[in-house]
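Undergrad: Sharing a model prediction with you, sequence too.
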Amino acid sequence: MSDAYQPIPQPPPKLLLGNLRDVDPEHGIQSIVDLIRRYGEIIKLQLPTAHKNGNLFVGSQKLVHEVSDQERFVKVVQGSLNEVRSIAGDGKWPE
């Protein structure tokens, strides 16, 4: 495998709507699971309310642990969530 970066797979986005029509509003989670099965264990969806670079979804526990590694990735906590964090902590689950 090459060390070069590979683009994260995603369904082709539509103008203005991005990938909004790829997610069934009645079965949102199942739609994302189906997209992960089709495109791979990590996918990007461009949604109208999402960050300009899109939202990433991971479909395996291994990747969840990897992207949750605070030594490798920074959590961006803003607004009212930052206030909740000051009261409740950083959201780590006991092991």
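TA: Everything's here; your move. Numbering: from 1, shown residues only.
Undergrad: how about the strands in the chain?
TA: Per DSSP state E, the chain carries strands over the ranges 42-45, 55-58.
Undergrad: Pipe those into TSV and attach distance to Leu16 and mean pLDDT per row.
TA: For glycine as for every other residue, the C-beta is placed from the backbone atoms N, C-alpha and C. Shown next, in TSV, are the strands of the chain (distance: least, C-beta to C-beta, whole Å; pLDDT from 0 to 100):
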stretch	distance to Leu16	mean pLDDT
strand 42-45	15	95
strand 55-58	17	91
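Undergrad: highest average neighbour count across those strands?
TA: Highest mean neighbour count among those (mean count of other C-beta atoms under 10 Å): strand 42-45, with a mean of 20.
Undergrad: pLDDT on stretch 13-21, on average?
TA: Mean per-residue pLDDT for stretch 13-21: 91.
Undergrad: Tell me how far it lies from the chain's centre.
TA: The chain centroid and the centroid of stretch 13-21 are separated by 17 Å under C-alpha atoms, centre = their mean, to the nearest Å.
Undergrad: can you pull the buried residues of that stretch?
TA: 13, 18-20 (16 or more other C-beta atoms under 10 Å).
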